[in-house]
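Peer 1: the following comprises the amino acid sequence and a computationally predicted model.
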Amino acid sequence: MFGTYCDGVNRRDFLKAGTLGLLGLNLPTYLRHMAAAAASGQTADKSAIFIYLGGGQTHMDTWDLKPNAPDNIRGEFKPIATNVPGIEISEHLPYMAKQADKYAIVRSVAHNLAAHAPGQMFLRTGNRPLPSLQYPGYGSVVTKESAAQPGVPPYVALPITSTNGGAETAGYLGVAYNPFTVNDDPNKDKFSVRALALPQGLSMERVEARRGLLNGLDTAFRKVDVKSQDLAGMDKFYQQAYEILSAPKAREAFDISKEPADVRDKYGRNSFGQACLLARRLIEAGVRFVSLDFGGWDTHQKNFERLKTVLLPKLDQGMAALLEELSARGMLPRTALMMTGEFGRTPKVNGNAGRDHWARAMSIVLAGGGIKGGQVIGRTNDNGEEPAEDPCKPEDVAASFYHALDIDPHKEYQTPTGRPVHIVRDGKVIKKLFA
């Protein structure tokens, strides 16, 4: 079902890592570890949405068209004007063209990891992969740096397609900072989050009875002077798990059926569009970080056909509706967005009407959190092969994303072995994004 990329990377990877069984050991343990963040002096109170285009989106046919290049480079698509004078994007992104004042396009990102696995690790973390260290993804860092909101998971991952772009991982921060992963399709008629449903035959009355039993055991242990820190805090974390189950906040946030039909239609009645709508609902409910995986961009064959009939219409409608609603609801200044894949695609069209891997140039879209929309940063050369102006690295984009979230990208963490590590090892904030 999940398949592999062209280089053999398994797309399923770690999908099971974030699944939590409520009121077993998993969720309370997860919440207990999350509380460690409260002692780390978090200062960030913004939220974020990270959209990952697994496989590597072609920059040449989306955000950085080259209409004057030779036929075998410019491809089949034409540029169209946006609502910002002077900015043009693909003709197959008409909805996004109307929202161009709300986002920035960085056209001059470049690196040299043109294989899926290392490229994904690089663009999901903002750090070049090392064999000796696994860096945490953006969501795990945001979770660590942000105060959790009661009644909802702090970090939700939506791997919305069977060809998802990889896996979210907390790296050296530990599994406590992995996401709450939702594996059901929000476009289904009976979409549900299994972890938020009580096991068959278990009522809230029985849950309450179990809490009473746990409280009694806790009291008994305290009488014999058990000093375990885990035991001392167990009641608190089971209380948080109970709140998520018993309070309507999380279930209501995930209940996408509550949205009016016209709003759901605006996002697009497909998995990606409904996931964008769900992301907006989750952020409104207090979730700090939502990641969306939209795979299928490894277009070695039939690039133009697949883009115009399958990929771009969904991306265009869902992302544009998300930006429009975040802005209309006053949420965009407090919600940073990033949309990226692991690399761009070759400027030259191959013999199968496709484009191959190309890391020497790519485009990344950012919005919200104080990022100035309606601008293009950087420029590639006439054939889209490499940056010709304002070159930057994935680390620079990462530093800027964290900056938009009021997180110091150079803050120092320590690995479990005591090794000091900066959140972003080598990156500078792109000042033009915030000018």
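Peer 2: Done, it's in. Numbers count the residues shown, from 1 in each chain.
Peer 1: quick one: Leu282 is in a helix?
Peer 2: Yes - under DSSP: H, G, I helix; E, B strand; the rest coil, Leu282 sits within a helix.
Peer 1: just for the stretch 51-200 of the chain, where's the confidence low?
Peer 2: Along the stretch 51-200 of the chain, the parts satisfying pLDDT under 70 run over 161-167, 194-200.
Peer 1: count the residues that sit near Val421.
Peer 2: 18 (other Cβ atoms under 10 Å). Bear in mind the C-beta positions are built from the backbone N, C-alpha and C, glycine included.
Peer 1: ditto for Gly86
Peer 2: 9.
Peer 1: same question, the one 4 residues further on
Peer 2: Residues lying near Ser90 (other Cβ under 10 Å) number 24.
Peer 1: I'd say it and Thr82 touch.
Peer 2: No - with contact defined as Cβ atoms under 8 Å, Ser90 does not count as touching Thr82 (10.5 Å).
Peer 1: show me where the stretch 251-400 of the chain has its strands.
Peer 2: Listed in chain order, the strands of the stretch 251-400 of the chain (DSSP state E, counting those that start in this stretch) span residues 289-293, 335-340, 344-345, 357-358, 362-367, 375-377, 379-380, 387-389.
Peer 1: pull up the pairing partners for the third one, direction included.
Peer 2: Counting by DSSP bridges, the strands paired with strand 344-345 are strand 357-358 (antiparallel).
Peer 1: off-centre distance for the partner strand?
Peer 2: Strand 357-358 has its C-alpha centroid displaced from the chain centroid by 22 Å (Cα atoms, centre = their mean, to the nearest Å).
Peer 1: where do the helices sit along the stretch 1-150 of the chain?
Peer 2: Secondary structure of the stretch 1-150 of the chain (DSSP state H, counting those that start in this stretch): helices located at 26-34, 71-74, 94-97, 116-125, 138-145.
Peer 1: make JSON lines from those and add distance to Ile364 and mean neighbour count to it.
Peer 2: Below are these laid out as JSON lines (distance: least, Cβ to Cβ, whole Å; neighbours: other Cβ atoms under 10 Å):
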{"stretch": "helix 26-34", "distance to Ile364": "29", "mean neighbour count": "20"}
{"stretch": "helix 71-74", "distance to Ile364": "21", "mean neighbour count": "14"}
{"stretch": "helix 94-97", "distance to Ile364": "14", "mean neighbour count": "20"}
{"stretch": "helix 116-125", "distance to Ile364": "8", "mean neighbour count": "24"}
{"stretch": "helix 138-145", "distance to Ile364": "13", "mean neighbour count": "26"}
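Peer 1: quick one, which of these gets closest to Glu342.
Peer 2: Closest to Glu342 of these, according to Cβ to Cβ: helix 116-125, at 3.2 Å.
Peer 1: which elements pack onto that closest one?
Peer 2: helix 394-404 (3 or more Cβ pairs under 8 Å, 6 or more residues apart in numbering; DSSP states H and E).
Peer 1: looking at it, Glu252 is touching Lys258, isn't it?
Peer 2: Yes - contact criterion Cβ under 8 Å: Glu252 and Lys258 qualify, at 7.0 Å.
Peer 1: quick one, which of the two is more surrounded?
Peer 2: Glu252 (13 against 10).
Peer 1: tell me the spacing between the more buried one and Asp184.
Peer 2: 16 Å (Cβ to Cβ, to the nearest Å).
Peer 1: just the pLDDT for the nearest residue to Val263 once chain neighbours are set aside.
Peer 2: Excluding its sequence neighbours, the residue lying closest to Val263 (Cβ to Cβ, 6 or more residues apart in numbering) is Leu277, at 7.1 Å. As predicted, Leu277 sits at a pLDDT of 98.
Peer 1: for Leu277, list the residues it contacts.
Peer 2: By Cβ atoms under 8 Å, 6 or more residues apart in numbering, Leu277 lies in contact with 186, 256, 259, 263-264, 267, 318, 321-322.
Peer 1: follow-up on the earlier one: which residues do Ser90 and Thr82 both contact?
Peer 2: By Cβ under 8 Å, 6+ apart, no residue touches both Ser90 and Thr82.
Peer 1: pull the number of nearby residues for the nearest residue to Thr415 once chain neighbours are set aside.
Peer 2: Sequence neighbours aside, Tyr172 is the residue nearest to Thr415 in space, at 4.4 Å (criterion: Cβ to Cβ, 6+ apart). For Tyr172, the neighbour count with other Cβ under 10 Å is 18.
Peer 1: can you tell me how far the residue nearest to Val263 sits from Leu53?
Peer 2: 18 Å.
Peer 1: for Tyr172, same thing?
Peer 2: The separation that Tyr172 has from Leu53, given Cβ to Cβ, amounts to 26 Å.
Peer 1: before we move on, what about Ser327?
Peer 2: For Ser327, the distance to Leu53 - Cβ to Cβ - is 22 Å.
Peer 1: can you check Ala250 too?
Peer 2: 28 Å.
Peer 1: count of neighbours near the closest residue in space to Val109 that isn't next to it in sequence?
Peer 2: The spatially closest residue to Val109, leaving aside those adjacent along the chain, is Met362, at 4.9 Å (Cβ to Cβ, 6+ apart). If you count neighbours by other Cβ under 10 Å, Met362 ends up with 31.
Peer 1: avg pLDDT for stretch 297-310?
Peer 2: The model assigns stretch 297-310 a mean pLDDT of 98.
Peer 1: how far does that stretch sit from its chain's centre?
Peer 2: Taking mean C-alpha positions (Cα atoms, centre = their mean), stretch 297-310 and its chain are 23 Å apart.
Peer 1: first residue to last residue on that stretch, what's the distance there?
Peer 2: 10 Å (Cα to Cα, to the nearest Å).
Peer 1: same deal with stretch 344-355?
Peer 2: The first-to-last residue distance of stretch 344-355 comes to 9 Å (Cα to Cα).
Peer 1: list the contacts of it.
Peer 2: Under Cβ under 8 Å, 6+ apart, the answer for stretch 344-355 is 56-61, 66, 69, 72-73, 75, 299-305, 356-363, 383-385.
Peer 1: any of those residues buried? List them.
Peer 2: Neighbour-count burial (16 or more other Cβ atoms under 10 Å) is assigned, among the contacts of stretch 344-355, to 56-61, 66, 69, 73, 75, 299-300, 303-304, 356-363, 383-385.
Peer 1: please name the nearest non-neighbouring residue to Phe434.
Peer 2: Gly370 (5.8 Å).
Peer 1: quick one: residues contacting the one you found.
Peer 2: 333, 336, 404, 434.
Peer 1: how near is the last one to Gly368?
Peer 2: Here the criterion is Cβ to Cβ. By it, Phe434 lies 12 Å from Gly368.
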